[in-house]
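Trainee: build me a model:
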Amino acid sequence: MRLSRDDILKAEDLSTEEVDVPEWGGTVLVRGMSGRERDEFEVSMTVRHGKQMVQDFANTRAKIVARCVVDEDGQRLFTDADVAVLGEKSGAAIDRIFGVASRLSGLGAEDVEELAENFGGTNGDSSSSASPPGSAKRSRSSSPR
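Mentor: Residues are numbered from 1 along each chain as shown. A predicted model of the protein is given here:
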């Protein structure tokens with residue numbers, strides 16, 4: 001079936017998954033990023049050093065977790081200002097959520113490498129794995145906006 005403009009714009013295509021986080025004593029709801037949100041994330045990975053823009057992979061996992069953990073209404077639980085403190089939480093918990101958020105957002109290790117290539121190298125830790133550790137309890141497709 002060929003989709004029309006209206007079909008595409010009406011499609012509820014942002015998936016969510018509830019992820020068990022035993023380190024925090026419960027679960028969180030993780031939603032994949034929209035195209036706009038993913039672009040904003042990619043822009044957040046660049047910083048200005050003098051007159052030059054360079055890649056900065058510091059706190060990559062926390063940046064994605066902050067963008068993808070949402071409440072039942074689809075609203076982010078964390079702001080960009082929370083990224084630094086979120087990055088101080090359990091690495092195992094952050095990585096588990098990061099894996100699910102990356103998968104739901106269509107991000108893979110090759111995307112991180114592509115970002116680095118586009119800016120001629122890295123200026124931080126680029127060893128992120130987008131392989132989900134299989135910790136999601138249940139999956140549902142929704143667009144909670």
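Trainee: separation between V69 and I8?
Mentor: As judged by C-beta to C-beta, to the nearest Å, V69 and I8 stand 27 Å apart. C-beta coordinates here come from the backbone N, C-alpha and C atoms, glycine included.
Trainee: oh, that last question was meant for A81, not what I typed.
Mentor: 34 Å.
Trainee: then M33?
Mentor: Per C-beta to C-beta, M33 is found 18 Å from I8.
Trainee: more neighbours, the two?
Mentor: M33 (20 against 9; other C-beta atoms under 10 Å).
Trainee: the more buried one looks like it's in a helix, true?
Mentor: No: the assignment for M33, made by DSSP: H, G, I helix; E, B strand; the rest coil, is coil rather than a helix.
Trainee: for it, list the residues it contacts.
Mentor: M33 sits next to 41, 64, 67-68, 101, 104-105 when contact means C-beta atoms under 8 Å, 6 or more residues apart in numbering.
Trainee: between which two of those is the distance greatest?
Mentor: Maximum pairwise distance among these (C-beta to C-beta): 12.9 Å, between F41 and L104.
Trainee: let me see the contact set for the residue nearest to V21 when sequence neighbours are not counted.
Mentor: Excluding its sequence neighbours, the residue lying closest to V21 (C-beta to C-beta, 6 or more residues apart in numbering) is A93, at 5.0 Å. The contact partners of A93, by C-beta under 8 Å, 6+ apart, come to 21, 23-24.
Trainee: please indicate which of those residues are buried?
Mentor: Neighbour counting by 16 or more other C-beta atoms under 10 Å classes V21 among the contacts of A93 as buried.
Trainee: in what helix or strand does the most centrally placed residue in the chain lie?
Mentor: In the chain, the C-alpha nearest the mean C-alpha coordinate belongs to I64, at 3.1 Å (C-alpha atoms, centre = their mean). Element membership for I64 (DSSP states H and E) is helix 60-68.
Trainee: elements contacting that helix?
Mentor: Applying 3 or more C-beta pairs under 8 Å, 6 or more residues apart in numbering; DSSP states H and E, we find helix 60-68 packed against helix 35-44, helix 83-86, helix 91-105.
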